[in-house]
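need coordinates for the following:
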Amino acid sequence: MPPSSASLALLSRLPEWYRSTARDLPWRRPAFHDEFGAWGVLVSEFMLQQTPVTRVIPHLDAWLARWPTPKDMSAASTAEVVQQWANLGYPRRALWLHRAAVEITDRHGGVVPRDVDALLALSGIGDYTARAVAVFAYGDRHPVVDTNTRRVLARAVEGRAQPGPPSRRDLDLMGSLLPDDVAAAAEFNAAAMELGATVCTARSPRCELCPLADGCAWLAAGRPDTGDERRRQAAYEGSDRQARGAVLRLLRGSAPDAVPLVAVIPDWPDLRQRDRAIDSLIADGLAEADGEGLSLPR
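Residues are numbered from 1 along each chain as shown. You can find the predicted model right below:
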């Protein structure tokens, strides 16, 4: 269903709000684009997946200082990449980014592709990241839809407390709202994400600060609880993820040397969980077992 004229008028306020309130983030600065281009945008998008901005910024600076181009990173070892990823979490992203750098170097002459389908063919890149690179690095006109954008649309346009599971419908709705002008469309994409990240947040929306407040369908309905179909992430404390993180910290601290298997977090409260963590890290390519030792992949 196409958006109503009321929805279009409501959302047209976003760009002006964005211009006056947007956070000063490295990947939004002209100097960043001049120095790192689409590669810098791609790296930032990989790091920002499920990781807060405040944690990403120092890692991004260090990463691009070490590997300012895809070709530079493609020459790095897997161990170097996993080590540099440090505590960003979800370390498989580091492996995917490394593979993407190799693919960009081999298939595209070291230049991050502009075409969305070509971007989607790279390791670790989905609908959001491909369109984010095409829009924010190359200035093309596409809908860019992340969790924050989906929440803004669900509330302001559809009157729901939380968005449903991601679907093609999200891209279609956002695409129907974009201004025709390419630069204005890019700004609108960024503004919707910024609003969801800073004001229209999942748990504590600050409706009193929202530029859409007087026309928001969800606010007008009294902020009803319309259910939440988002998949719940298991608690980190006591999880296999925590055990994996502990093993990786140990391996990064000992690199390039291997750690004897008997010395890999031997005091972990659940040794079967510890063993599962080791096995899964090996299966994911994040660790390597050699005889009686465990190390980062070489």
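
after the lengthiest helix in the chain, next one along is what?
Ranked by residue count and defined by DSSP state H, the top helix of the chain is helix 30-48. Per DSSP states H and E, the first helix or strand lying C-terminal to helix 30-48 is helix 53-66.

buried residues, that following helix. List them.
56, 59-60, 63-64 (16 or more other CB atoms under 10 Å). Placement of C-beta: from N, CA and C, glycine included.

is it possible to export those residues to JSON lines including pLDDT and distance to residue 215?
Putting the buried residues of helix 53-66 into JSON lines (pLDDT from 0 to 100; distance: CB to CB, whole Å) gives the following:
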{"residue": "56", "pLDDT": "95", "distance to residue 215": "33"}
{"residue": "59", "pLDDT": "95", "distance to residue 215": "39"}
{"residue": "60", "pLDDT": "96", "distance to residue 215": "36"}
{"residue": "63", "pLDDT": "97", "distance to residue 215": "41"}
{"residue": "64", "pLDDT": "97", "distance to residue 215": "40"}
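
nearest to residue 15, of the residues you listed?
residue 56 (24.6 Å; CB to CB).

that closest one against residue 43, yeah?
No - in this structure, residue 56 is not within contact of residue 43 by CB atoms under 8 Å, at 9.7 Å.

who touches stretch 98-112?
With CB atoms under 8 Å, 6 or more residues apart in numbering as the test, stretch 98-112 has contacts from 37-39, 41-42, 46, 67, 69-71, 73-74, 76, 78, 81, 113, 118-119, 121-125, 133, 137.

where do the strands sit along the chain?
259-260, 288-290, 293-295 (DSSP state E).

thinking again about what came up before, I'd like the buried residues of helix 53-66 laid out as a markdown table, including distance to residue 180.
Formatted as a markdown table, the buried residues of helix 53-66 follow (distance: CB to CB, whole Å):
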| residue | distance to residue 180 |
| --- | --- |
| 56 | 32 |
| 59 | 37 |
| 60 | 33 |
| 63 | 36 |
| 64 | 34 |
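
and of the residues you listed, the nearest to residue 211?
residue 56 (25.9 Å).

run through the residues that contact that closest one.
44, 47-48, 88.

poorly predicted segments of the stretch 151-298 of the chain, please.
The stretch 151-298 of the chain contains residues with pLDDT under 70 at 230-233.

show me where it has helices.
Per DSSP state H, counting those that start in this stretch, the stretch 151-298 of the chain carries helices over the ranges 168-177, 182-198, 217-220, 240-254, 271-283.

so which residues make contact with the first one?
Contacts to helix 168-177, defined as CB under 8 Å, 6+ apart, come from residues 2-3, 7-8, 11, 127, 142-145, 149-150, 153, 157, 163, 188-189, 192.

just the buried members of these?
For these, buried by 16+ other CB under 10 Å: 3, 7, 11, 127, 142-145, 149-150, 153, 157, 163, 188-189, 192.

among those residues, which pair sits farthest apart?
Most distant of those, by CB to CB, are 7 and 127, 22.4 Å apart.

quick one on the thing from earlier: may I see the buried residues of the longest helix of the chain?
32, 36-48.
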